[in-house]
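[1] Just need the structure, nothing else, for what follows:
(chains A and B, ligands or ions: 1)
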Amino acid sequence: MTSYTSWAYVPTSTQKAIKPAWMDFDLGATTGSLLPYGNGRSYGDSCLNSSGLVIDSKSLNRFISFDTEQGILRCEAGTMFADILQFIVPTGWFLPVTPGTKYVTLGGAIANDVHGKNHHHDGTIGRHIRCFELLRSDGKSLICSPKENTDFFAATIGGLGLTGFISWAEIQLIKIPSPFMSVETTVFHGLEEFQTLSEQANTNHRYSVAWLDCASSGKDFARGLFMVGDHANSDKEEKERVLEPKISVPFNLPKQMINKYSVKAFNTLYFNKNRLNEGKIIYQHYDSFFYPLDGIGNWNRIYGSQGFYQYQFVVPSSQLSVMEQALNKIVASGLGSFLAVLKEFGDLPSPGMLSFPSPGLCLALDFANRGETTLALLQQLDQLVINAGGKVYPAKDVRMPQAAFQSYYPNYEEFEAYIDPRFISDFWRRVSEKKS
Amino acid sequence: MKKNLKTETIVIFGATSEVAQRVARIHAKAGDSMILIARNQTHLDSIKADLLLRGASNIDSLYSDFDNMKEHQNLLKQIEQKSEDIAKYYFFYGMLPDQKACENSWEMTYDALTTNFLSVVSLLTHIANKVEKETDRGIIVISSVAGDRGRQSNYIYGTGKGALTLFLQGLRNRLHPSNCTVTTIKPGFIDTPMTKDFDKGILWASADKVADDIYKAAAKGKNEVYTPRFWAVIMLVIKSIPEAIFKRLNL
Ligand SMILES: Cc1cc2nc3c(=O)[nH]c(=O)nc-3n(C[C@H](O)[C@H](O)[C@H](O)COP(=O)(O)OP(=O)(O)OC[C@H]3O[C@@H](n4cnc5c(N)ncnc54)[C@H](O)[C@@H]3O)c2cc1C
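    Got it, this is the predicted structure:
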């Protein structure tokens, strides 16, 4: 049952691992290269170290302290968001930032400096981390915070697991009146309409995100559903079942089953189902608002045994035309994306040195793995993003070329100074390869 | 949290094992009190903090090296001082000896048998005499499928666990009139830090799944339980192979 893969399921060689049971484990007793491993919810190879060991952190999942007055939680880094939510929500607290799945660990969330639907309001998770302990392979441990070891604090947030092993972290939670969300959906046609909606919404709502149809052209080009949400007051609660993974995809589907037509059918279905709610404020449990995909366990296997590529990029808000060009290419290629998520990031800065989010338009989408054809398209997208001064998200990447990485993250050299000499990932091998 | 149900006090020998911690979390959620015993005080402290946050009403922790059987009576006195009303005694500790090394060393074999069998018998000798005078107590012990049939690759471990299973059968029979239950748990392969060196296949169960089974078996006072359940079938097949054939197999 334990095999170490990333979420995109592009086949990898077998990964060796150690699984420490306690935070005081001896890093020095290991040999070879190392990389922390959370729950493998990164899509690419940034959580794999195929020629060395990964340090599986999932047994490090104890709560250490919880200040229920101030909403300050300290726990071991392998603690899963799902576990944290179960624990804090009944006490009226919530995670300040959460990605679209609750099956991530706190350590993994810090290492990718994850963002959520509230980026315009709360920034990345790094802004809410009060402190953490970083274990280095020379046996030293550093307490890092905005006041102490500030350089390692900045390097480790979004540091892709390369600066050392986070053993525990302390996070500032946010207060919520109930476990429910009030949600409103609006249909939009075209990216300009999206941007107008987004700018209005981002001043009035804590959460906002859009589903974009990446399969339709003509009059339906760039149509989508724009959703805003806020934590609802308890008096408006509406009982809804907690969505635990139920319909799971038990095996890898044959690749013939995902094609232009099935994607289109899915998009149409999803679009029409949700537009029924247009204009109404509905009350939703936080689980179905934040984690719709967690309701379908193992949905990644929908793409078959060849896995899929995910591509997530951000370009400055002024570059709307670049976003349009990118979308045109995607639609024309017919390599269709099962899901496309569009979000306008705000300008709250992250403390992370290598953090991905920056102000602008951010699009995330999937491509079934069709070998060269898919790769060629992604390369064209890279070029658009580079020219627009944007970035691609390493957490979702298996193929970013070195030159592209250096263009997205121009401060990589500054970052290199903080890498633990024994820590490396497959991702890092690729983007830091020395050209002689 | 089940607020209207009566909470209870339980004792866990070997509280730092991965599965023990998971079982303890279920008890914590129910608001139970616990006395945790293990060899590492730092680790006990971190478990204690976690369980209190998860809802346990009280946690006491005691240090003990179970191999030191002379200390057992003393340890049980300390437990008694913490609580007079103990509903369940869980035994989670054990060690997985290196079979090949044991074949060349009686000392290592002896140590393995001491930890996996003799020390449990020692503790249970004292505990049995106590619970026999009480009523509705539960004793829950982790044995193993390895104790169902000896095979060349791990028979020293298997011997300890098999002997333990037999001892528990007798004890169950003896304590039945006092309405005390003895539950023998036979886990298959569990994915825990103790087993990290193995290649994991589909027969491996998560610690959470196993813990859930154990908690339920304990609550119902079951006799012998395989976890996950399919191990009952596997072991039925393995036990049915005639010895004349079994001895030729490379298992
Ligand atoms: C359905 C889905 C939706 C998602 N939505 C979003 C989203 O909205 N926003 C977003 O930002 N991301 C999103 N992601 C990506 C995901 O949040 C990140 O990849 C996250 O980092 C995964 O966490 P993990 O615990 O699985 O870590 P892994 O994927 O196992 O590891 C991620 C990185 O963290 C490092 N790491 C792990 N543990 C530690 C530790 N203890 N110390 C130091 N480094 C460590 C690893 O080395 C690796 O570099 C999504 C992923 C999925 C599958």
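[2] Which strands border the worst-scoring helix or strand of chain B on mean pLDDT, and is each parallel or antiparallel?
    Among the helices and strands of chain B, strand B:189-191 carries the lowest confidence by mean pLDDT, DSSP states H and E, at a mean of 74. According to DSSP bridges, strand B:189-191 forms sheet pairs with strand B:204-206 (parallel).
[3] close to the ligand, is stretch A:280-292?
    No - if you take CB under 6 Å from any ligand atom as the test, stretch A:280-292 misses the ligand, and the best it gets is 8.0 Å. C-beta here means a position set from N, CA and C on the backbone, and glycine is covered the same way.
[4] Now name the helix or strand holding A:Trp428.
    A:Trp428 is part of helix A:426-432 when elements are defined by DSSP states H and E.
[5] Output the contacting helices and strands for that helix.
    helix A:402-408, helix A:412-416 (3 or more CB pairs under 8 Å, 6 or more residues apart in numbering or on different chains; DSSP states H and E).
[6] Show me how far it is from its chain's centre.
    Centroid separation for helix A:426-432 versus its chain: 19 Å, with CA atoms, centre = their mean, to the nearest Å.
[7] Quick check: buried residues in that helix?
    Applying a neighbour-count criterion of 16 or more other CB atoms under 10 Å in any protein chain shown, one finds A:426-428, A:430-432 buried in helix A:426-432.
[8] thinking again about what came up before, relative to the ligand, which of the helices and strands packed on helix A:426-432 is closest?
    helix A:412-416 (13.3 Å; CB to the nearest ligand atom).
[9] who touches stretch B:34-43?
    A:22, A:24, B:9-16, B:24, B:27-28, B:44, B:47-48, B:51, B:56, B:58-66, B:75, B:79, B:82-83, B:86, B:93 (CB atoms under 8 Å, 6 or more residues apart in numbering or on different chains).
[10] list the buried ones in that stretch?
    Neighbour-count burial for stretch B:34-43 flags B:34-38, B:43 (criterion: 16+ other CB under 10 Å).
[11] follow-up on the earlier one: is the ligand within reach of the helix holding A:Trp428?
    No - taking CB under 6 Å from any ligand atom as the criterion, helix A:426-432 and the ligand are apart, separated by no less than 7.4 Å.
[12] picking up where we left off before, most tightly surrounded among the helices and strands packed on helix A:426-432?
    Burial of the helices and strands packed on helix A:426-432 is given as mean neighbour count (mean count of other CB atoms under 10 Å in any protein chain shown); helix A:402-408 ranks first at a mean of 17.
[13] pLDDT at the residue of the stretch 101-250 of chain A found nearest chain B, what is it?
    Distances between the stretch 101-250 of chain A and chain B by CB to the nearest CB are smallest at A:Trp168, namely 9.8 Å. The per-residue pLDDT reported for A:Trp168 equals 98.
[14] swap in the one 5 residues further on?
    A:Leu173 carries a pLDDT value of 98.
[15] burial of it, as a residue count?
    22 (other CB atoms under 10 Å in any protein chain shown).
[16] one step back: neighbouring contacts of the helix or strand where the residue of the stretch 101-250 of chain A closest to chain B lies?
    Per DSSP H and E, A:Trp168 falls inside strand A:165-172. With contact meaning CB under 8 Å, 6+ apart, strand A:165-172 is reached by A:23, A:27, A:34, A:36, A:55, A:57, A:60, A:64, A:70-77, A:95-96, A:106-107, A:110-111, A:125, A:128-135, A:141, A:156.
[17] what about the strands in chain B?
    Using DSSP state E, the strands of chain B run over B:9-13, B:33-38, B:58-63, B:86-91, B:138-142, B:181-187, B:189-191, B:204-206, B:224-227.
[18] With respect to A:Leu276, which of those lies nearest?
    strand B:204-206 (39.0 Å; CB to CB).
[19] Pull the contacting residues for residue 86.
    If you meant another chain, say so; for now it's chain A. Counting by CB under 8 Å, 6+ apart, A:Gln86 has no contacts.
[20] Chain B was what I was after
    Applying CB under 8 Å, 6+ apart to B:Ile86 gives the contacts B:9-11, B:35, B:79, B:137.
[21] Test my guess that B:Val121 contacts B:Leu166.
    No - counting by CB atoms under 8 Å, B:Val121 stays clear of B:Leu166, with 10.7 Å between them.
[22] Which parts of chain A are helices?
    A:81-88, A:106-111, A:119-122, A:150-156, A:191-204, A:260-275, A:286-290, A:320-333, A:372-387, A:402-408, A:412-416, A:426-432 (DSSP state H).
[23] Any idea which of these has the lowest pLDDT on average?
    Note on the helices of chain A: helix A:260-275 shows the lowest mean pLDDT, a mean of 68.
[24] And A:Leu160, how far from A:Met353?
    Separation of A:Leu160 from A:Met353 (CB to CB, to the nearest Å) stands at 11 Å.
[25] just the strands in the stretch 51-200 of chain A please.
    Along the stretch 51-200 of chain A, the stretches classed as strands by DSSP state E, counting those that start in this stretch are A:53-56, A:63-67, A:72-76, A:93-94, A:129-135, A:141-144, A:165-172, A:174-175, A:180-189.
[26] Pull the distance from the last one to the chain's centre.
    In this view, strand A:180-189 has its centroid 21 Å away from the chain centroid, taken as CA atoms, centre = their mean.
[27] what does that strand contact?
    By CB under 8 Å, 6+ apart, strand A:180-189 touches A:194, A:197, A:207, A:210, A:219-220, A:222-232, A:234, A:236-238, A:240, A:274-275, A:277-286, A:289.
[28] Now a ChimeraX select for only the buried ones of those.
    A single ChimeraX command selects the buried members of the contacts of strand A:180-189 (16+ other CB under 10 Å):
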select /A:194,197,207,210,222,223,224,225,226,227,228,229,230,231,232,240,277,283,284,285,286,289
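[29] Next step: the contacts of strand A:180-189 restricted to strands.
    A:207, A:210, A:223-231, A:281-285.
[30] what sits up against the helix holding A:Trp428?
    Residues outside helix A:426-432 that contact it (CB under 8 Å, 6+ apart) are A:12, A:44-46, A:48-50, A:160, A:162, A:394, A:397-398, A:400-402, A:405-406, A:412, A:416, A:419.
[31] Try it again at 7 Å.
    A:44-46, A:48-50, A:160, A:162, A:394, A:397, A:400, A:402, A:405 (CB atoms under 7 Å, 6 or more residues apart in numbering or on different chains).
[32] for stretch A:43-54, same thing?
    Residues outside stretch A:43-54 that contact it (CB under 7 Å, 6+ apart): A:4, A:6-8, A:12-13, A:15-18, A:30, A:32-35, A:37-38, A:40, A:160, A:310, A:394-398, A:424-427.
[33] can you check stretch B:163-181 too?
    With CB under 7 Å, 6+ apart, stretch B:163-181 has contacts from B:116-117, B:120-121, B:124, B:128, B:131-132, B:135-139, B:141, B:143, B:147, B:182, B:184, B:221, B:223.
[34] So for A:Ala368, what's the pLDDT?
    You'll see A:Ala368 listed with a pLDDT of 78.
[35] now B:Gly188
    Listed pLDDT for B:Gly188 reads 86.
[36] Run through the residues that contact it.
    B:145, B:203, B:205, B:228, B:231.
[37] Correct me if wrong: A:Pro96 contacts A:Ile174.
    Yes - A:Pro96 is in contact with A:Ile174 according to CB atoms under 7 Å; the separation is 4.9 Å.
[38] Low-confidence ranges, the stretch 51-200 of chain B, go.
    Counting by pLDDT under 70, the stretch 51-200 of chain B contains low-confidence ranges at B:192-200.
[39] Phi, psi for A:Ser145 please.
    Note on A:Ser145: backbone dihedrals following degrees, to the nearest 10 are phi -160, psi 180.
[40] Go ahead and confirm it touches A:Cys131.
    Yes - if you go by CB under 7 Å, A:Ser145 and A:Cys131 touch, sitting 3.7 Å apart.
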